[in-house]
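Enquirer: structure of the sequence below:
(chains A, B, C and D)
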2 protein chains.
Amino acid sequence: MSLRYALLALLTVEPMTGYDLAKRFESSVAFVWHAPDSQIYPELRKMAKEALLEAEEISWGPNGKKTQYRITSEGRDAFRQWMNTPLEYSRERDPVHLKAAYLEWAEPSAARQHMQAHIDYHTMRRAQWTGMIAELRGATNEMLNKRLAATPEQDRRRTLEYKIFTYEGLIARAETEIEWGKQGLRLIDSFPAPSQQGT
Amino acid sequence: MSLRYALLALLTVEPMTGYDLAKRFESSVAFVWHAPDSQIYPELRKMAKEALLEAEEISWGPNGKKTQYRITSEGRDAFRQWMNTPLEYSRERDPVHLKAAYLEWAEPSAARQHMQAHIDYHTMRRAQWTGMIAELRGATNEMLNKRLAATPEQDRRRTLEYKIFTYEGLIARAETEIEWGKQGLRLIDSFPAPSQQGT
DNA sequence: ACACACTATCTATAGATATAGTTAGTTGAC
DNA sequence: GTCAACTAACTATATCTATAGATAGTGTGT
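Expert: Residues are numbered from 1 along each chain as shown, chains lettered A, B, ... in the order given. This is a model prediction of the structure:
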């Protein structure tokens, strides 16, 4: 349901093709949303049909062409309206904690690996976010610069600060997960070798 | 993909009907997984066909009957194997942070409401987990007591500690989110009333 | 001239998930 | 006794998501 709003968000900066958007979804926006191109292309067509986007055929080389999508004012309205609508907190789906709750079923080495993987994953993500904040603060982020160029001067600080705030939240979350993972490793190591269990 | 393992996890304690499981999914396991009964019943039938579960017809009242599912040794093996398999960290899908990144599009009152809802939601969850830990420590949790009764004495501490550890992780996460939400409120309030933007 | 990586798009399929019903028996309260 | 609330289970539909692969043009280097 949020895919379309993630697309709208990106298209508020500048018109893009499905391919451009798919690439963004692999990198910059991937921090909060992921979607494969096979989901993006149909959604764009659907949104164009609903007049949230305007499709424009652009020729590319002698025989090639591509479709660029530009957000319409309806699209902007829809996005703004979504932004003003409260989120529903949907039901949890958390395989990591599901496994953690039954860790006595795993062999200690596997249990350690789960925790280590958790630590590694969130360490990697923390590094990503930290890098993003540096980019934002150093004004070296291309998307943000384009966005700021199209933003009234008095709103630029808010735009920047909200993005930094978002990444800070993600960093804080990653750090919490890393700490939890370390605590898990200590807990696993505190137990003596287990008997065969769960039969 | 994890639905079946969540079901297996519950069925390692005792045989249950689809209805029992659906109820658990609304309460105790809901902390990590949610599924409606319309997903649970077919999955149980599928698992029975794959010999992970054994279905048994039980009469209930004069005319009623129900189907109770009991985990088989193949089911236990499958669960144990899953527990020993590393998790794939799949792509993110995080509407909260998606919105946060574009908060300048929301009216300040709506932005505040987002953050307040975030704080409220995680405050509620924290209270739930805290209560669960109290139940676990006080040995007043029915499922856990049944589970422990079927666990060899020397493994009971591990079983208990892993569950507490899981909830502690969820509490830590909730607290991080609450802090982030508060920080968000402060940030929103630090800005002067915005001009109409994003046109 | 050809190989290769990249850009651009689309299709098919399977599986997961959400929402909303329908049917029918049981149990307890009034 | 009958109504309501609960137990039990199933079905249908729509949407979302993942995975995989097909097709075809572009641009660069050799």
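Enquirer: rest of the way, CA atoms for contacts and neighbours
Expert: Noted.
Enquirer: how far away is the residue nearest the centre of chain A from residue A:90?
Expert: When chain A is reduced to its mean C-alpha position, the nearest residue by Cα atoms, centre = their mean turns out to be residue A:32, at 1.6 Å. Taking Cα to Cα, to the nearest Å as the measure, residue A:32 falls 16 Å from residue A:90.
Enquirer: which strands and helices sit next to the helix or strand where residue A:185 lies?
Expert: Element membership of residue A:185, judged by DSSP states H and E, is helix A:156-190. Packed against helix A:156-190 by the contact rule (3 or more Cα pairs under 8 Å, 6 or more residues apart in numbering or on different chains; DSSP states H and E) you find helix A:108-137, helix A:142-149, helix B:95-101, helix B:156-190.
Enquirer: mind listing what's buried in the last one?
Expert: When burial is assessed from 16 or more other Cα atoms under 10 Å in any protein chain shown, helix B:156-190 yields the following buried residues: B:158-182, B:184-185, B:188.
Enquirer: how much space between residue A:103 and residue B:164?
Expert: For residue A:103, the distance to residue B:164 - Cα to Cα - is 11 Å.
Enquirer: any idea of the pLDDT on residue A:143?
Expert: Residue A:143 is assigned 86 on the pLDDT scale.
Enquirer: would you confirm that it contacts residue A:14?
Expert: No. In this structure, residue A:143 is not within contact of residue A:14 by Cα atoms under 8 Å, at 9.1 Å.
Enquirer: which residues touch stretch A:170-182?
Expert: Stretch A:170-182 is contacted from outside by A:115-116, A:118-120, A:122-123, A:125-126, A:129-130, B:169, B:172-173, B:176-177, using Cα atoms under 8 Å, 6 or more residues apart in numbering or on different chains.
Enquirer: ok, now with 6 Å
Expert: Residues outside stretch A:170-182 that contact it (Cα atoms under 6 Å, 6 or more residues apart in numbering or on different chains): A:115, A:119, A:122, A:126, B:169.
Enquirer: residues near the third one, how many?
Expert: Applying other Cα atoms under 10 Å in any protein chain shown, we find 22 residues neighbouring residue A:122.
Enquirer: got a list of what it touches?
Expert: residue A:174.
Enquirer: mind running it again at 10 Å?
Expert: Residue A:122 makes contact with A:116, A:128, A:170-171, A:173-179, A:181, according to Cα atoms under 10 Å, 6 or more residues apart in numbering or on different chains.
Enquirer: with the first one instead?
Expert: Contact partners of residue A:115, counting by Cα under 10 Å, 6+ apart, are A:96, A:100, A:121, A:177-178, A:180-185, A:188, B:86.
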